[in-house]
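Enquirer: Model the structure of this input:
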Amino acid sequence: QVQLVESGGGLVQAGGSLRLSCAASGASFRWLSVGWCRQAPGKERQCVAAQSWRTTETYYLDSVKGRFTISRDNAKSTMYLQMNSLTPEDTATYYCAATPSGGRLQSNDYTYWGRGTQVTVSS
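Expert: Residues are numbered from 1 along each chain as shown. Here you go, the predicted model:
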């Protein structure tokens, strides 16, 4: 069983930046593909970034390409999402997720989920 705990959410003005962190425990983090997904009120959950453990290749939702960066520190069992040039459309609860398989940008790819951290971008 893998436990994931997010941190780093908050309120930021449009154009600002935030870095989300997700600490993992309960399994060897280096063998997990990881992702960040978000859900706004009344909308479906969408995955915005992912990284494969096999290839370290990264994947991004088109709307965040060039603004968001996913990264990981296997020694610290922690993954990150650096978010720049934030817009009000980025407002959502952000979840980190993990899977021992090759997860990409489908939420169904992931087995383990954190509880989420709120990101609010004001205009």
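
Enquirer: Now the host helix or strand of R72 - C-alpha only, CSV.
Expert: Element membership for R72 (DSSP states H and E) is strand 68-73. Output of strand 68-73 as CSV, limited to C-alpha atoms (Å, rounded to 0.1, in the frame of the first residue of the first chain):
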residue,chain,number,x,y,z
PHE,A,68,3.8,23.3,-15.4
THR,A,69,6.8,21.0,-14.7
ILE,A,70,6.6,17.6,-13.0
SER,A,71,9.7,16.3,-11.2
ARG,A,72,10.6,13.7,-8.6
ASP,A,73,13.3,13.1,-6.0
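
Enquirer: Residues contacting it, please?
Expert: Residues outside strand 68-73 that contact it (C-beta atoms under 8 Å, 6 or more residues apart in numbering) are 29, 34-36, 48-51, 58, 60, 78-84. From N, CA and C alone the C-beta is placed, and that goes for glycine too.

Enquirer: What score does the spatially most central residue of the chain have for pLDDT?
Expert: Most central in the chain under C-alpha atoms, centre = their mean is W36, positioned 2.0 Å from the mean C-alpha point. With respect to pLDDT, W36 scores 98.

Enquirer: Spit out the contact partners of it.
Expert: Applying C-beta under 8 Å, 6+ apart, one finds that W36 lies in contact with 20, 22, 47-50, 68, 70, 79, 81, 94-97.
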